[in-house]
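Chemist: what follows is a predicted protein model with its sequence.
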Amino acid sequence: MSDETCTNLYAALRAGFPADLDTLAIETDTGLRYTWRDLERGSAMLANELLSRGLQPGERVLVQVDKSVEALMLYLAALRAGLVYVPLNTAYPDAEVAYFVRDAEPAAVVCVPERFGRLSAMAFAAGARFVYTLGADRRGTLLDRAAQRSDAQVPAPVGGQALASIIYTSGTTGRSKGAMLTHGNLLANARVLHEYWGWQRGDVLMHVLPIFHVHGLFVAVHAALLGGSPMLWAARFEPRTVLDGLPRTTVFMGVPTMYTRLLAEPDLTAARCASMRLFISGSAPLLIETFRAWQQRTGHTILERYGMSETIMLTSNPYRADARHGGQDERRGGTVGFALPGVGLRIAGPDDQPLPAGAIGAVQVRGPSVFVGYWRQPDKTRAEFTADGWFRTGDVGFIDERGYLTLVGRSKDLIISGGYNVYPAEVEGAINELPGVAESAVIGVPHPDLGEVGVALVVPQPGAQPDPDAILAALRQRLARYKIPKRCVLVEDLPRNAMGKVQKNLLRQRWRDTFVA
Ligand code: MLC
């Protein structure tokens, strides 16, 4: 994307706001109402606060706070100021945050008041100059200070190549990497999704996703802001909140777990979905059973799309018939649809050579939304791109003659649980450090609610008898809750192949029915 078409992502989003800034932009599940002018003024004040402290373009603002409209304004403020926004999952315990703080070297950190003591110590030790607090109740030093700043601010003139955000993703080696996304990456994707999903005046988005990941922060928020579409905003997903809001909504975005939990509610009916235009699912595979059950119950066909932190959105089932494909396309359950306009998509063999339609191989992509690399890890960046510049997604799949992509597996050892990525290597590393443990293997098994969850198989040291519950309790001190295996079992040994590698496929087979009949 050229610098001319992208000055500053905030400025581009702002251009989508409705002419009357005093209309509703966001209504929260606690009854707070924010206008577009509130978003504009609030983000200006926050940007002015950060700039008044001397933060320079390109410096990082690391943020671990509860979901709130003010947290969203902080993101917009970082964009306005040309700072790099680094959001962290609120589930990360101190031990994990310490790594991110050291790695990102933020100039400013924003955390919840309850964690200020511990986080400020680690932040200042890592060179941060300011540590603010922002609570779910809007209390804290950040808003106190920003309240004294001007509510006018001209977005910093940054080019499309300027970093807008770093999103941390774990990896198969256990160490998290920061995916660097630019203003140009984010804007290109926002514009494509806005067009492809047919955003129109009158749309209202139900926003129930967390705002520290690509799905909730970029895909959902950008589309709504760019379309000048109001949002119904819930701090966390509750089926009841969604059901109550549906009659006032036109677009919903969720992970498959949200769809299965909604289907468990007898109140989910076609009548309740009468104003709905579009249901979108992503971040984890949507089971065909869920896809069909949703169609039957609501009369709506869920649109499944595919992406990841490093690339934002890559493919989508069609919203309306896609002229490029003969105009006869439907949303096909079990597939993630077509390459989005501008996205290059190919299936490659082991030598990175493109394979023909129908052949199963590595999913590789390129295009304007593909990230510019991992933060300060040029070797890892190089390893994830082919010699001819395609990004290796780590997913395995095939493209049929009509262009639908179907994902059939992963080349990397990864569990997707309720839309969160969990890397077994990280969990195994933590288990193996515990007393009495010789080694471990963490595998993903099917789960009726979360799609897939981890099971830990632990080999004790000779003569030791570690308590599986104590192992899980110890992990909770070190890892985010969603990474904790849902079951831990002691085993005598782990099956290995001739090369000595643990045969996880055998383990997955053996433990497949742990949570499902
Ligand atoms: C919660 N738990 C999970 C979990 N969510 N465990 C595994 N995986 C998850 N996803 C844990 C809790 O810590 C708790 O453990 C226990 O499970 C029960 O929690 P719950 O109350 O039932 O969960 P809830 O808070 O309702 O959360 C479920 C959820 C949430 C589905 C609403 O996980 C969620 O918001 N997922 C969305 C994630 C997301 O936005 N991903 C986008 C990534 S971007 P304990 O031990 O405390 O009892 C991306 C790119 C793309 O992937 O393409 O979109």
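Modeler: Arrived safely, thanks for sending.

Chemist: of all residues in this protein, which one is closest to the ligand?
Modeler: The nearest approach of the chain to the ligand comes at Gly418, 2.3 Å away (CB to the nearest ligand atom). C-betas here are computed from N, CA, C, even on glycine.

Chemist: residues in contact with that residue?
Modeler: The contact partners of Gly418, taken as CB atoms under 8 Å, 6 or more residues apart in numbering, are Val255, Thr257, Ala284, Asp449, Leu450, Gly451, Tyr482.

Chemist: okay if I get these as TSV plus distance to the ligand?
Modeler: Converted to TSV, the contacts of Gly418 look like this (distance: CB to the nearest ligand atom, whole Å):
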residue	distance to the ligand
Val255	4
Thr257	4
Ala284	7
Asp449	7
Leu450	5
Gly451	9
Tyr482	4
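
Chemist: ok, and the most crowded of these?
Modeler: Val255 (26 neighbours; other CB atoms under 10 Å).

Chemist: show the contacting residues for that one.
Modeler: Val255 is in contact with Leu209, His215, Ser281, Gly282, Ser283, Ala284, Gly418, Gly419, counting by CB under 8 Å, 6+ apart.

Chemist: repeat for Gly216
Modeler: By CB under 8 Å, 6+ apart, the residues touching Gly216 are His207, Leu209, Pro210, Met253.

Chemist: try it again at 10 Å.
Modeler: Lys67, Leu72, Pro87, His207, Val208, Leu209, Pro210, Met253, Gly254, Val255, Ser283, Gly419 (CB atoms under 10 Å, 6 or more residues apart in numbering).

Chemist: does it belong to a helix, a strand or coil?
Modeler: Gly216 carries the three-state label helix when classified by DSSP: H, G, I helix; E, B strand; the rest coil.

Chemist: let me see the confidence value for Ser2.
Modeler: Per-residue confidence (pLDDT) for Ser2: 45.

Chemist: same check on Leu226?
Modeler: Model confidence at Leu226, expressed as pLDDT, equals 96.

Chemist: quick check: it touching Gly16?
Modeler: Yes. With contacts counted by CB atoms under 10 Å, Leu226 reaches Gly16, the gap being 4.1 Å.

Chemist: give the buried residues for stretch 305-323.
Modeler: Of the residues in stretch 305-323, those buried under the neighbour-count criterion (16 or more other CB atoms under 10 Å) are 305-319, 322.

Chemist: just these that are near the ligand?
Modeler: On the criterion CB under 6 Å from any ligand atom, Gly307, Met308, Ser309 are the entries of the buried residues of stretch 305-323 that sit beside the ligand.

Chemist: make CSV from the residues you listed and add pLDDT and secondary structure to it.
Modeler: Supplementary listing: those in CSV, determined by pLDDT from 0 to 100; DSSP: H, G, I helix; E, B strand; the rest coil:
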residue, pLDDT, secondary structure
Gly307, 98, strand
Met308, 97, strand
Ser309, 97, coil
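
Chemist: how far off centre is stretch 439-451?
Modeler: Average the C-alpha atoms of stretch 439-451, do the same for its chain, and the two points are 20 Å apart (CA atoms, centre = their mean, to the nearest Å).

Chemist: Ser120 and Leu62: what is the separation?
Modeler: To Leu62, Ser120 is 12 Å away according to CB to CB, to the nearest Å.

Chemist: got a list of what Glu428 touches?
Modeler: Counting by CB under 10 Å, 6+ apart, Glu428 makes contact with 174, 413, 437, 439-442, 454, 456-458, 485, 502.

Chemist: helix, strand or coil for it?
Modeler: What three-state DSSP gives for Glu428 is helix.

Chemist: coming back round to it: please narrow the contacts of Glu428 to those residing in helices.
Modeler: Using DSSP state H, the subset of the contacts of Glu428 located in helices is empty.

Chemist: buried subset of those residues as a PyMOL selection?
Modeler: This is how PyMOL selects the buried members of the contacts of Glu428, with burial counted by 16+ other CB under 10 Å:
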select buried, resi 413+437+439+440+441+442+454+456+457+458+485+502
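
Chemist: minimum pLDDT in the contacts of Glu428, which residue is that?
Modeler: The member of these with the lowest model confidence is Gly174, at 65 (criterion: pLDDT).

Chemist: one step back: neighbour-wise, which of Ser120 and Leu62 wins?
Modeler: Counted by other CB under 10 Å, Ser120 and Leu62 do not tie: Leu62 has more neighbours, with 28 against 17.

Chemist: which one is that one nearest to, not counting chain neighbours?
Modeler: Distances taken as CB to CB, 6 or more residues apart in numbering put Pro106 closest to Leu62, at 3.8 Å, once the chain neighbours are dropped.

Chemist: just put the ones next to the ligand among the buried residues of stretch 305-323 in a markdown table and tack on distance to Leu55.
Modeler: A markdown table is the format used below for those (distance: CB to CB, whole Å):
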| residue | distance to Leu55 |
| --- | --- |
| Gly307 | 30 |
| Met308 | 29 |
| Ser309 | 24 |
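
Chemist: contact partners for Pro468?
Modeler: For Pro468, the contacting residues are Ala456, Val458, Pro485, Arg487, Cys488, Val489, Leu490, by CB under 10 Å, 6+ apart.

Chemist: what's opposite the residue nearest to the fourth one when sequence neighbours are not counted in the beta bridge?
Modeler: Okay, so that is Arg487. Setting aside the residues directly before and after it, Arg487 is nearest to Val455 in space (CB to CB, 6+ apart), at 4.8 Å. According to DSSP bridges, the residues that bridge with Val455 are Ile443, Arg487.

Chemist: who are the contact partners of Val455?
Modeler: By CB under 10 Å, 6+ apart, the residues touching Val455 are 415, 441-445, 447, 485-489, 507-508, 510-512, 514-515.

Chemist: about what we covered before: return the subset of the contacts of Gly216 lying in strands.
Modeler: Among the contacts of Gly216, the residues falling in strands (DSSP state E) are Pro87, His207, Met253, Gly254.

Chemist: tabulate those residues (CSV), appending neighbour count, pLDDT and distance to Ala44.
Modeler: Putting the ones in strands among the contacts of Gly216 into CSV (neighbours: other CB atoms under 10 Å; pLDDT from 0 to 100; distance: CB to CB, whole Å) gives the following:
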residue, neighbour count, pLDDT, distance to Ala44
Pro87, 26, 98, 20
His207, 25, 98, 22
Met253, 25, 98, 27
Gly254, 25, 98, 31
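
Chemist: and these near the ligand, which?
Modeler: With the criterion set as CB under 6 Å from any ligand atom, no member of those is near the ligand.

Chemist: now for these: which two are most distant?
Modeler: Pairwise distances across these (CB to CB) peak at 19.0 Å, for the pair Pro87 and Gly254.

Chemist: now stretch 15-31: buried residues?
Modeler: Residues of stretch 15-31 classed as buried by neighbour count (16+ other CB under 10 Å): Gly16, Phe17, Pro18, Ala25, Ile26, Glu27, Thr28, Asp29.

Chemist: how near is the last one to Met206?
Modeler: Just to be clear, that refers to Asp29. When distance is defined by CB to CB, Asp29 is 10 Å away from Met206.

Chemist: between these two, what contacts are shared?
Modeler: Leu232, Trp233, Ala234, Thr241, Val242, Gly245.

Chemist: return the member of those nearest to Leu407.
Modeler: Val242 (26.4 Å).

Chemist: quick check: mean pLDDT of the strand or helix carrying the closest one?
Modeler: When secondary structure is defined using DSSP states H and E, the element that contains Val242 is helix 239-245. Mean pLDDT, helix 239-245: 98.

Chemist: so it, near the ligand or not?
Modeler: No. Between helix 239-245 and the ligand, judged by CB under 6 Å from any ligand atom, nothing touches; the nearest distance is 9.4 Å.
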